[in-house]
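**Q** Sequence and predicted structure below; questions after.
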Amino acid sequence: MLSTHECARNKLINAARNIGFSAANIHLKGIDIIRPGEIVISLFLENGFPKDSSKAIKSLRIFPSQEEILIPIEVPSKIEFAVKAHHDENMDGKVTKNWTKVLPREGLSFSGGVSILRGVPAFRRAKVSYTEESYIEMQMRYPRWYGL
């Protein structure tokens with residue numbers, strides 16, 4: 001018997017299958033390769049963005065070796081979506097906060113160029129749509145970027 005979480009995940013996966021996917025590229029810049037860990041890329045529909053990674057329709061992990069990387073990925077081709085990139089230094093699957101308990105200690109980036117300076121980004125600000133030239137530019141932002 002499936003748990004409630006597994007049932008919800010299966011519904012998301014089935015919904016994602018119905019929306020269709022097309023090839024795209026994410027150009028992620030500003031990666032601090034001195035930091036340990038991995039970059040986690042998550043694609044979201046509105047539900048769960050950006051905090052609940054269990055509701056991401058697609059996720060992938062990359063061990064960065066360059067400050068800029070081009071990531072081929074399939075994205076929803078028929079509806080709007082948002083992308084979150086997280087430099088998970090301690091590889092615990094969560095965004096670790098700094099001493100403020102508000103701002104991240106690890107690097108973050110969102111589609112649409114939004115940052116967390118005005119709070120948790122809303123889906124409506126970060127959403128993007130697929131086009132035949134889908135090329136999503138994203139800039140990693142680390143604590144030094146926030147002036148801390």
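**A** Good, I have the coordinates. Numbers count the residues shown, from 1 in each chain.
**Q** residue boundaries of the helices in this structure?
**A** In the chain, the segments counted as helices under DSSP state H are 4-19, 123-126.
**Q** Which of the ones you listed has the lowest mean pLDDT?
**A** The minimum mean pLDDT among the helices of the chain belongs to helix 4-19 (a mean of 58).
**Q** residue contacts, the residue nearest to the spatial centre of the chain?
**A** Centroid-nearest residue in the chain: residue 84, 1.7 Å away (criterion: CA atoms, centre = their mean). Shown in contact with residue 84 (CB atoms under 8 Å, 6 or more residues apart in numbering): 41-42, 44, 49-50, 56, 108-111, 126. C-beta: built from backbone N, CA, C; applies to glycine.
**Q** please redo it, this time with the cut-off set to 6 Å
**A** By CB atoms under 6 Å, 6 or more residues apart in numbering, residue 84 lies in contact with 42, 50, 110.
**Q** Distance to residue 95 for those - can I get that in JSON lines?
**A** Converted to JSON lines, those look like this (distance: CB to CB, whole Å):
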{"residue": "42", "distance to residue 95": "11"}
{"residue": "50", "distance to residue 95": "9"}
{"residue": "110", "distance to residue 95": "12"}
